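Q: Have a look; sequence and predicted model below, questions after that.
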Amino acid sequence: MEKQKRWQFITILIVLVLTLYNILPTIIYYSKPLKDPISMEQAQGIASSISQRVNDLEPQSIDWVHSFCNLLNVSPKKVEIQPQEPGLITVEFADEKQAQLFRKFLPQAGALIPFIPAQLGLAYSENQGNTVTVARRVGFRFDPKDQDALFHFGKKSSSDGKIEDFYFQLIGDRFTEVATQVFGSSNQSKEISAILGSSENVDQELFAFAKQITTLEELFGAKSPIFIRYLQSFTQTDLPESNSLITRLVKKIDDQITALDASLKVQGEGENAKALERKNAILNKAKSVINANSGVLRSQQKPLSKKDIRTFLLQQRTKNNSVQAIYTLSLPKNNPFFKNMVLDWSNDQVLLNLQDDVKTIVQTEPKNERQRLCQEELNKLIFNDVARISALTDEKVNQGYSNFFVSLSNLPGSSSVLALDLSQIAKQIAKDTLVTINSEWNPTQQDLISGKFPRFDLPAYQKADTSQKKLCLVVV
């Protein structure tokens, strides 16, 4: 038997040491109690690290500006964060030529910074001078003494399985915002109000709206429940002039038809004349559809208010405060496409369920061209509405198999929440903005000086005299 050599033993020992060195971090990581809930002390540490990372963006931005100037071969005399406005960086150059070069390339370069909160751009559109003001995307500075006011930590549920007040309020606010867009003032009533109040491109907006009316009537039929709900949504608004909304819309269509008739007399024949004739036909058809369904349009549907939604949530909580509870808000007449919203506490989801007839059309394989067109048009309207809801609520609305849903948590099975109070940050930004206005704005117009044109934050405005409130600047 061959005797083991010394170098072989050393090689084996080195391999063992290297293996242990590589897996040691993993062993240490998994030796920690990962399943243990987050404690208050840990949450405060996380809040501190968030604050520190945001504040660290300030010196990082300064360093980036210096590095960018080196690439441009320009030498700034001064680069500093404005004391009262942490969202702005003042960059001063020796001459205007260097400043112009910096202004030219900063917007594109600043937008290419990989970490989005660190991105930079020009604050103002000034084209002259030796000083350039750079805007930071995150214009806020955390003060350690304000941490308890800005961050709120709480459990989702109590030991006996009941929803905690803090979590109920947090989720309730998010549910309220989504429900307001789904069952509140309809998108169609907002479109009509925009058409009636617009002075620019009103003909294009009116024509697009009229074309949508005629298209839906042709595809689904005048007696279709989908089309009837669509028409009912025209007056689903809390605006005081809702009673006259349809009358004013018809008058607007009449005015447009009259204008087209006049244009046709001037145009004579040709492609332009044919295009105008098609527009005229669509507007006349839309007017006929509206007049034929005047009874449906008069049955105004009351939009759901935020107060109504909060009352609903409190009533449901009184009935069932368990973390396994399911709250269903059903208002099938308040949206042409969605019949109800479901708040599923156990799965941290808000479900948007489609109307039964809508679901049937979008899930059934079309057998002919008409059914295919109906499905395409309905899908377009649904996804447009979902996109609108997502944009206005800042929630990501996902598509499920037979519905849409909003995930209230990105971490399944979590038992606690650390929330940042954006209203407090907004107040601080408003305060900093007012300080900047008072220190930097020196109007030459006598009517705009602070003595004649007072400047307030919201608390000061509420306490101000009636005479001061008539003409003033309020920063909120």
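A: Looks like it came in fine. Numbering: from 1, shown residues only.

Q: Help me confirm that Thr26 is found in a strand?
A: No. Read with DSSP: H, G, I helix; E, B strand; the rest coil, Thr26 is helix and lies in no strand.

Q: That one and Lys32, how far apart?
A: 11 Å (C-beta to C-beta, to the nearest Å). C-beta here means a position set from N, CA and C on the backbone, and glycine is covered the same way.

Q: Poorly predicted segments of this structure, please.
A: 1-5, 33-35, 199-201, 267-268, 270 (pLDDT under 70).

Q: Phi first, then psi, for the residue most central in space within it.
A: In the chain, the centroid-proximal residue (C-alpha atoms, centre = their mean) is Asp394; its distance is 3.1 Å. Per-residue torsions, Asp394: phi 60, psi 30 (degrees, to the nearest 10).

Q: Who are the contact partners of it?
A: Neighbour list for Asp394: empty [criterion: C-beta atoms under 8 Å, 6 or more residues apart in numbering].

Q: now the longest strand along the chain: how far from the chain's centre is it?
A: If you go by DSSP state E, the chain has its longest strand at strand 85-93. Centroid displacement of strand 85-93 relative to its chain, using C-alpha atoms, centre = their mean, to the nearest Å, is 28 Å.

Q: Determine the set of other helices and strands touching that strand.
A: On a contact count with 3 or more C-beta pairs under 8 Å, 6 or more residues apart in numbering; DSSP states H and E, strand 85-93 meets helix 40-72, strand 76-82, helix 96-111, strand 131-136, helix 422-440.

Q: buried sites along stretch 218-238?
A: Going by neighbour count (16 or more other C-beta atoms under 10 Å), the buried part of stretch 218-238 is 219-220, 226-237.

Q: Out of those, list just those in strands.
A: Among the buried residues of stretch 218-238, no residue falls in strands (DSSP E).

Q: now those residues as JSON lines including distance to Lys319?
A: Converted to JSON lines, these look like this (distance: C-beta to C-beta, whole Å):
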{"residue": "Leu219", "distance to Lys319": "42"}
{"residue": "Phe220", "distance to Lys319": "38"}
{"residue": "Ile226", "distance to Lys319": "33"}
{"residue": "Phe227", "distance to Lys319": "36"}
{"residue": "Ile228", "distance to Lys319": "33"}
{"residue": "Arg229", "distance to Lys319": "29"}
{"residue": "Tyr230", "distance to Lys319": "34"}
{"residue": "Leu231", "distance to Lys319": "35"}
{"residue": "Gln232", "distance to Lys319": "30"}
{"residue": "Ser233", "distance to Lys319": "30"}
{"residue": "Phe234", "distance to Lys319": "35"}
{"residue": "Thr235", "distance to Lys319": "33"}
{"residue": "Gln236", "distance to Lys319": "28"}
{"residue": "Thr237", "distance to Lys319": "31"}
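
Q: which of those lies closest to Glu205?
A: Set against Glu205, the nearest of the buried residues of stretch 218-238 by C-beta to C-beta is Phe234 (14.9 Å).

Q: The closest one touches Leu297, doesn't it?
A: Yes. Applying C-beta atoms under 8 Å as the test, Phe234 and Leu297 come out as touching, 5.9 Å apart.

Q: any shared contact partners between the two?
A: With C-beta under 8 Å, 6+ apart as the test, Phe234 and Leu297 both reach Ile246.

Q: hey, which of the helices and strands packed on strand 85-93 is tucked in deepest?
A: Stretch with highest mean neighbour count among the helices and strands packed on strand 85-93: strand 131-136 (a mean of 20; mean count of other C-beta atoms under 10 Å).

Q: Can you say which of the helices and strands packed on strand 85-93 is nearest to Ile257?
A: Closest among the helices and strands packed on strand 85-93, once you apply C-beta to C-beta, is helix 96-111, at 46.1 Å.

Q: now for the closest one, which elements pack on it?
A: Using 3+ C-beta pairs under 8 Å, 6+ apart, helix 96-111 sits against helix 40-72, strand 85-93, strand 120-122, strand 131-136.

Q: Next, the angle strand 76-82 makes with that helix.
A: Put simply, helix 96-111 runs at 50 degrees to strand 76-82, going by axes from the mean of the first three to the mean of the last three C-alpha atoms, to 10 degrees.

Q: Now do helix 96-111 against strand 131-136, angle only.
A: Using the same axes, to 10 degrees: helix 96-111 against strand 131-136 is 10 degrees.

Q: Thanks a lot, catch you later.
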